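Student: When you get a sec, could you give me coordinates for this:
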Amino acid sequence: MNIRPFTIQIPEATISDLKSRLSQTRWPDSLDEASWDSGASLHYMKQLVEYWRENFDWRAQETAINEFHQFQTGIDGLTIHFIHERGAGPNPIPLIITHGWPGSFVEMLKILPRLSDPAAHGGDPKDAFDVVVPSLPGYGFSSRPTRPGTNAFRIADLWLKLMKGLGYERFAAQGGDWGASVSTCLGLVYPENLLGLHLNYIPGSYQPSIGQDLPGLTLEETEFLESQKQWLETEFGYGFVQATKPQTLAFGLNDSPVGLAAWIVEKFRDWGDCDGDVERRFSKDELLTNVMIYWASETIHSSARLYREGRKRPLHFAAGDFVRVPCAVARFAKEAPFPPRAWVERGYNVQRWTEFPSGGHFAALEEPAKLVEDIREFFRPLRNSL
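Tutor: This next block holds a predicted model:
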């Protein structure tokens, strides 16, 4: 596998064009400028865009990201971008962490140093990991798929080849959102290569086998399925569009930086544990750095296609399907809808289940110390299994 170092270098022309577009924004009206009830707040978006145009320093963010060891490699006709930080400890566990939508690999930058070099962050060097953080195909600095079929199962195939190409025959996997789907597929299809899975989300399309010879649903499971249905009806509009007509959406979001930012930032506000104030959890710099990854790489449309691919091949377990490798689930308080343990245990070998009183969908950004400690504790007794 040909692995080459990679450095982010967004052309100055791209930044100049961005600022020009921001200065010419055609703002919509709103029945209530401050409200988020019908979508992104006009009042907040005006504030964010002013900061983006006048104060946001992309070059400073770019320099900080480039402090990490980044690479690109070709796998099955796709270019995959990834960070690879080797652990500072006696026996690091190889760990691949996969992000989701509307996040990116930059979500993981707070937890990555704590995992690779625990001693530098008040931990035990024996808990070190060799950490690999790839960008999903069609996201950021990985190339966009040019044909259908790049779903979570296909990405799991790519990740196995990536890890083997880095010299890791057995490794651990972690993820939330789409990262939970890809990690699940790794555990389901390649259990012999997986030391264990740590998930801070259960894939939305996950459905275990339910049949005549299997235990009936508990009241808690029934209530969860009803809450999931209600959530889909009221909150999943973005997902229905991305799963059915992502190309139509692409024309607007790929052309308008404000439209792109509104589409993404609304989800950080709604899914994060921020009580309606997005900057209670995420700074403007964090929000805009993530948006810039999509804008500069022009990948909002290719990232949205993953929903269409997932709709074609969802994580519906057939009879006998079971993730046999040890699994840990970290449930952060504001992550919703989140299934009960009984529902998850129908398809996963759950060995650890942790309930956190705070935090939401973007756990690595919101609660990095708690997430890292849960990962460390889960894998600690599994180290001898490498």
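
Student: what comes up buried for stretch 152-166?
Tutor: Neighbour counts over stretch 152-166 (16 or more other Cβ atoms under 10 Å) mark 152-160, 162-163, 166 as buried. For the C-beta atoms, the positions are set from N, CA and C on the backbone; glycine is no exception.

Student: tell me the mean pLDDT over that stretch?
Tutor: Per-region confidence: stretch 152-166 scores 98 on mean pLDDT.

Student: circling back to that earlier point, and which of the buried residues of stretch 152-166 is nearest residue 203?
Tutor: residue 152 (7.7 Å; Cβ to Cβ).

Student: Against residue 159, how distant is the closest residue to that closest one other than its chain neighbours?
Tutor: Distances taken as Cβ to Cβ, 6 or more residues apart in numbering put residue 181 closest to residue 152, at 4.0 Å, once the chain neighbours are dropped. Per Cβ to Cβ, to the nearest Å, residue 181 is found 12 Å from residue 159.

Student: Please enumerate the shared neighbours of the two.
Tutor: Jointly contacting residue 181 and residue 159 under the rule Cβ atoms under 8 Å, 6 or more residues apart in numbering is no residue at all.

Student: Return the residues in contact with residue 383.
Tutor: Neighbouring residues of residue 383 by Cβ under 8 Å, 6+ apart: 91, 93, 126.

Student: Tell me the one of these nearest residue 12?
Tutor: residue 93 (40.8 Å).

Student: give me the number of residues near the closest one?
Tutor: For residue 93, the neighbour count with other Cβ atoms under 10 Å is 26.

Student: Quick check on it: phi, psi?
Tutor: Backbone torsions of residue 93, given as degrees, to the nearest 10, read phi -90, psi 130.

Student: any idea how far it is from residue 291?
Tutor: Distance of residue 93 to residue 291, computed by Cβ to Cβ: 33 Å.

Student: Please state the offset of stretch 250-265 from the chain centre?
Tutor: 19 Å (Cα atoms, centre = their mean, to the nearest Å).

Student: So for it, mean pLDDT?
Tutor: The model assigns stretch 250-265 a mean pLDDT of 98.

Student: One more: stretch 293-312?
Tutor: 98.

Student: need the contact list for the nearest residue to residue 45 once chain neighbours are set aside.
Tutor: In space, and not counting its chain neighbours, residue 45 is closest to residue 262: 5.6 Å by Cβ to Cβ, 6+ apart. Residue 262 is in contact with 39-40, 45, counting by Cβ under 8 Å, 6+ apart.

Student: Narrow these to those that are buried.
Tutor: Among the contacts of residue 262, the ones that count as buried by 16+ other Cβ under 10 Å are 40, 45.

Student: returning to what we had before: looking at this, the residue nearest to residue 152 is in a helix?
Tutor: Yes. Assigned with DSSP: H, G, I helix; E, B strand; the rest coil, residue 181 falls within a helix.

Student: and it, how far is that from residue 151?
Tutor: 9 Å.

Student: what do you get for residue 285?
Tutor: On the measure of Cβ to Cβ, residue 285 and residue 151 end up 33 Å apart.

Student: got the buried residues for the longest helix along the chain?
Tutor: Ranked by residue count and defined by DSSP state H, the top helix of the chain is helix 219-235. If you call a residue buried by 16+ other Cβ under 10 Å, then helix 219-235 has these buried ones: 221, 224, 228.

Student: was I right about the first one contacting residue 341?
Tutor: No. Using Cβ atoms under 8 Å as the test, residue 221 is too far from residue 341 to be in contact (9.8 Å).

Student: hmm, back to that, tell me the pLDDT at the residue nearest to residue 152?
Tutor: We note a pLDDT of 98 for residue 181 in this prediction.

Student: repeat for the one 5 residues further on
Tutor: In the predicted model, residue 186 carries a pLDDT score of 98.

Student: who's in contact with it?
Tutor: If you count contacts by Cβ under 8 Å, 6+ apart, residue 186 has them with 156, 159-160, 173, 193-194, 197.
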